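J.: sequence and predicted model, in that order:
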Amino acid sequence: MKVEIWSDVMCPFCYIGKRNFETALAQFADKEYIDVVWKSFQLDSSIPEVAKESYAEYLVINKGMAKEQVKGMLDNVTASAKQVGLEYNFDKSVMVNSLNAHKLLQFAKAKGLGSEAEEVLFRAFFTDGENIADQATLVALGKEIGLEKSEVQTALSDKKYEDLVKADIQEARQVGVQGVPFFVMDRKYAVSGAQPAQAFTQNLEKAYTEWRKLNPVSKLEITQGQSCTPDGICD
């Protein structure tokens, strides 16, 4: 069963939501039948590739929030992240456009490493204060999860991956995504926001029960004979 997750790597609740979803999935009895697909979403595509503001300054200048309000909000989010084992360092976060980061995600998805890419990108932005628009940084993050340097460099300059980012964002509009994180289960049920693990568990169970009825496990009556297996054993 497919679970699609729309997320922006610069969204603090997306990282928290990822952890809570992973907690629920780890405890889900039929997790081997769950296919997690990460989808791109940009909360603000107008942010420049070169950092001009801190995270707090960005909220004050672009969102019209008071400094005291921003400080209180970031302190609360940092505390929420800590509760699920995440370390947020907003004072170190580099506010840059997330498009290049999403291009890396799209390439990683094609290699079956979407979840791994999301993890290193979130950590780079929220914990380590790395520049997620910088190509050298993204190449290093790609290598960390097993991608080849030359392939990542090519992907970051290939318009195909930018088009995939835009396609995900367009699809989000069609699905009805108004904010992230947004988790869609079998295109029947959705969980919006960084909900507790229990909320994911409940929706996973409900969606999976319905999906399994339409996709029953095939039980074949097998007559055995001599054969060869993929590990090279023939008998």
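T.: Here it is on my side, so go on. Residues are numbered from 1 along each chain as shown.

J.: number of nearby residues for residue 4?
T.: 21 (other C-beta atoms under 10 Å). Quick note: C-beta positions are derived from backbone N, CA and C, even for glycine.

J.: is it correct that it is in contact with residue 186?
T.: No: at 9.2 Å, residue 4 does not count as touching residue 186 under the criterion of C-beta atoms under 8 Å.

J.: looking at this, residue 184 is in a strand?
T.: Yes: under DSSP: H, G, I helix; E, B strand; the rest coil, residue 184 falls within a strand.

J.: in three-state terms, label the residue nearest to it when sequence neighbours are not counted for me.
T.: Of all residues not flanking residue 184 in the chain, residue 4 sits nearest, at 4.5 Å (C-beta to C-beta, 6 or more residues apart in numbering). At residue 4 the chain is in strand, as set by three-state DSSP.

J.: against residue 142, how distant is residue 4?
T.: As judged by C-beta to C-beta, to the nearest Å, residue 4 and residue 142 stand 23 Å apart.

J.: which stretches in this structure count as strands?
T.: 2-7, 35-40, 182-185, 189-192 (DSSP state E).

J.: could I get the ones you listed as a markdown table with distance to residue 162?
T.: Below are these laid out as a markdown table (distance: least, C-beta to C-beta, whole Å):
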| stretch | distance to residue 162 |
| --- | --- |
| strand 2-7 | 17 |
| strand 35-40 | 10 |
| strand 182-185 | 21 |
| strand 189-192 | 26 |
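
J.: nearest to residue 198, of these?
T.: Among those, the nearest to residue 198 by C-beta to C-beta is strand 189-192 (10.9 Å).

J.: adjacent strands (with direction) for that closest one?
T.: strand 182-185 (antiparallel) (DSSP bridges).
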